[in-house]
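[1] Sequence and predicted structure, then a few things I'm wondering about:
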Amino acid sequence: MDVFENCCCADNDRGRIPVARAVDALDRLLSRDDKEGADRLLKYWRKEAVRLRDKRGELSIADEMIGFYRRTGDRESALEAVDAALRLIGETGTEGGLSSATVRLNAATTLKAFGKAEDALPLYEDALNIFSATLDEKDPLFAGFWNNYALALADTGRKAEAEEAYYNAIFIMKNTENGLPNAAISYLNLASLYESDEERDENDILTCVNEAVRLFEDPKTERDAKYYDALSKCISSFRACGLDDTAAKFESELKEFYERA
């Protein structure tokens, strides 16, 4: 069995788990869609980190668990990992550092995904304070923050703030190399926000949707794996807006990519 991809050997001289090798092994398992293997790998290394009292290693694995269980829809495991990671930030002395902000962003996004947007907002705001102090305002990491923060703001009825956050994300991604597909996603999220607002005209929604289409079709947009991953998330939105021909064209493009892969 190759679940652990030859990385099951903790660095006992230093009392730390090999986080980089564990994450590489996790990525390989996920590339094969081996979710059971990924689950076993994460649990093994977390147990090893606890045995070695490697708090920083445990934090890294808990952070990976947050994202993994969010993607697999395992609410109980995801929320347990969130609690563990937030506790470990304090125990590792990483409070206030950039790494603690990315953990908070991951945790907040997971809380929002499982219907706990109100609980997510303080974590997003803590992350924002750290990002603002350490990152350039055009850093791509900020774009991901603004998009996810906007989703939580929208869920809690703070629509004007959500709109501003989406535009912050869009501005950054339009000025980031290969960032146009992610800008398109933010435009579709903005369209969804407008759709939920009775005061918004239908033209506002269509403008956002058409801009998303334009960004996917832009010649400057590189047709790589990230492009097709973003596209796969948007096709249903194009169809829901009545753009059946556009959705069919993108579906055909996506099918061709998967057949080549």
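    Now that the structure is in, tell me what you want to look at.
[2] tell me which element the nearest residue to Cys208 once chain neighbours are set aside falls in.
    With Cβ to Cβ, 6 or more residues apart in numbering as the criterion, Cys208 has its nearest non-adjacent residue at 3.8 Å, and that residue is Ala191. C-betas here are computed from N, CA, C, even on glycine. Of the helices and strands defined by DSSP states H and E, Ala191 is found in helix 180-195.
[3] can you give me the strands in this structure?
    Taking DSSP state E to define them, one finds no strands in the chain.
[4] before we move on, back to that, which residues sit against the helix holding Ala191?
    Outside helix 180-195, the residues that touch it by Cβ atoms under 8 Å, 6 or more residues apart in numbering are 143-144, 146-147, 150-151, 154, 159, 162-163, 166-167, 169-170, 173-174, 176, 200, 204-205, 208-209, 211-213, 215-216, 218, 220-221, 226-227, 230-231, 233-234, 237, 241.
[5] pull the CA atoms of it into CSV?
    Once non-C-alpha atoms are left out, helix 180-195 reads as follows in CSV (Å, rounded to 0.1, in the frame of the first residue of the first chain):
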residue,chain,number,x,y,z
LEU,A,180,-8.8,36.7,-15.3
PRO,A,181,-10.6,33.4,-14.6
ASN,A,182,-10.8,34.2,-10.9
ALA,A,183,-12.0,37.7,-11.7
ALA,A,184,-14.7,36.0,-13.8
ILE,A,185,-15.8,34.0,-10.7
SER,A,186,-16.0,37.1,-8.7
TYR,A,187,-18.2,38.7,-11.4
LEU,A,188,-20.6,35.8,-11.2
ASN,A,189,-20.6,36.0,-7.4
LEU,A,190,-21.4,39.7,-7.8
ALA,A,191,-24.2,38.8,-10.2
SER,A,192,-25.7,36.5,-7.6
LEU,A,193,-25.5,39.2,-5.0
TYR,A,194,-27.4,41.6,-7.3
GLU,A,195,-30.0,38.9,-8.1
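[6] where are the low-confidence patches of the stretch 1-150 of the chain?
    In the prediction, the stretch 1-150 of the chain carries residues with pLDDT under 70 at positions 1-14.
[7] now the helices: where do they sit in it?
    Counting by DSSP state H, counting those that start in this stretch, the stretch 1-150 of the chain has helices at residues 19-31, 35-52, 55-72, 75-92, 98-113, 117-134, 140-155.
[8] How about the contacts made by Ser236?
    With contact set as Cβ under 8 Å, 6+ apart, Ser236 has these partners: Ala247.
[9] again, only using 10 Å
    By Cβ atoms under 10 Å, 6 or more residues apart in numbering, Ser236 lies in contact with Leu188, Ala247.
[10] How about Arg223?
    Pro181, Phe216, Leu231, Glu253, Phe257.
[11] repeat for Gly115
    The contact partners of Gly115, by Cβ under 10 Å, 6+ apart, come to Arg75, Asp155.
[12] how near is it to Asp155?
    8 Å (Cβ to Cβ, to the nearest Å).
[13] okay, now Arg70: neighbour count?
    Other residues near Arg70 number 23, with proximity taken as other Cβ atoms under 10 Å.
[14] Need the nearest residue in space to it, chain neighbours excluded.
    Leaving out its chain neighbours, the residue that sits closest to Arg70 by Cβ to Cβ, 6+ apart is Thr110, at 4.4 Å.
[15] thought that neighbour was touching Ile66?
    Yes: contact criterion Cβ atoms under 10 Å: Thr110 and Ile66 qualify, at 5.2 Å.
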